[in-house]
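Asker: A predicted structure for the sequence below; I have some questions about it.
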Amino acid sequence: MPIPLPENKVIVTVAQTGALVTKEMNPHLPEQPEEIAASAYACYNEGAAIVHIHARDSRGENTADIGIFRSIHEKVRSLCNIIIQDSTGGGPNLTQEERIHCLQAAPEMASLNMGSLMRVSGRYAGTPFSNLPEEIEDYVRQMKAVNVKPEMEVYSHPMLRDVNSIIAKGLIEKPYYINIVLGMKYQGACEATPKILISILDLLPQDSIFNCTAVGSAQLPLTTLAMVLGGCVRVGLEDNIFYRKGELATNAQLVARAVRIARELGKEPATPEEARRILGLKTAPKAEPG
């Protein structure tokens, strides 16, 4: 079982943009650096400690452009000290090499996907989301070299094999931060149910802290359960565009609701500095000039 957080704390991550959601689906989606920074600041004010970042170009397409990542970082850090976590999932249009370019923008954290999946819908249906063991090890070594803490993304039980492998090889430092992602519509990803969440928790390695991400309507019930079980939570438009059925959400609304529920459970949202201490991060770095 993972390490429980302090009983009175919960770390809230907001995943604001993602790789697949568009403004046509929800006009509140932040795409450009100014929008992403403004949304991150609003979410920080509501209690988010970590912002998970995907970059888009001027057309709204996924990009690995280092200048855009640096611009996002600079604008966010000019407003608040929220922890910046970049995505190395990137998007279906990015190559394996491009997906890791974000490390050059000096985030504190980055996602590390722990296995391969197959896309089954949308314009990229039939294309793999490749994360082979050697690719995972290459990514984690690059993160370690620049002092970026990985958030290990686990979509199903078999991915714990690669989690345990990089731990056994000494490629990652305690505490291990594991994000359980449920309800993703990819072949090989688990459904978002309480039973599956708890079954994965039972298999997590010692010295790990868990986060829960659930897609769509499962976001609210499963993140609530995760808080009850002593974990962290991720909310945001990347995973769920609705506040309730038929009502489009903003990122700040989803964070505010998670914090209200946490407080009903006797918990307070961890500040970015508290989250840094819990996760073993260093002081927030300054963004490099673009």
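Answerer: Nice, I can see it.
Asker: quick one: the strands in the stretch 101-250 of the chain?
Answerer: 109-113, 117-119, 128-129, 149-154, 176-182, 186-187, 208-214, 232-235, 242-244, 247-248 (DSSP state E, counting those that start in this stretch).
Asker: low pLDDT regions in this protein?
Answerer: Scanning the chain for pLDDT under 70 picks out 1, 283-290.
Asker: one more time with 80, if that's ok
Answerer: 1-4, 282-290 (pLDDT under 80).
Asker: From what I see, Ile241 and Thr22 are in contact.
Answerer: No. Using C-beta atoms under 8 Å, Ile241 makes no contact with Thr22, being 9.8 Å away. Using the backbone N, CA and C atoms, a C-beta is placed for each residue, glycine as well.
Asker: out of these two, which sits in the busier spot?
Answerer: Using other C-beta atoms under 10 Å as the criterion, Ile241 and Thr22 rank with Ile241 on top: 20 against 15.
Asker: and the gap between the closest residue to that one other than its chain neighbours and Thr88?
Answerer: Nearest residue to Ile241, sequence neighbours excluded (C-beta to C-beta, 6 or more residues apart in numbering): Asn26, at 4.2 Å. Noted for Asn26: a distance of 24 Å to Thr88, by C-beta to C-beta, to the nearest Å.
Asker: Deepest in the core, which of the strands of the stretch 101-250 of the chain is it.
Answerer: strand 232-235 (a mean of 28; mean count of other C-beta atoms under 10 Å).
Asker: thinking again about what came up before, now for Ile241 and Thr22: what residues contact both?
Answerer: Common neighbours of Ile241 and Thr22 are listed as Leu29 (criterion: C-beta atoms under 8 Å, 6 or more residues apart in numbering).
Asker: coming back round to it: which one of Asn26 and Thr88 has more residues nearby?
Answerer: Per other C-beta under 10 Å, whichever of Asn26 and Thr88 has more neighbours is Thr88, with 26 against 16.
Asker: need the strands of the stretch 101-250 of the chain in TSV with distance to Pro30, can you?
Answerer: Below are the strands of the stretch 101-250 of the chain laid out as TSV (distance: least, C-beta to C-beta, whole Å):
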stretch	distance to Pro30
strand 109-113	18
strand 117-119	24
strand 128-129	23
strand 149-154	20
strand 176-182	21
strand 186-187	24
strand 208-214	18
strand 232-235	14
strand 242-244	16
strand 247-248	14
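Asker: Cool, thanks, talk later.
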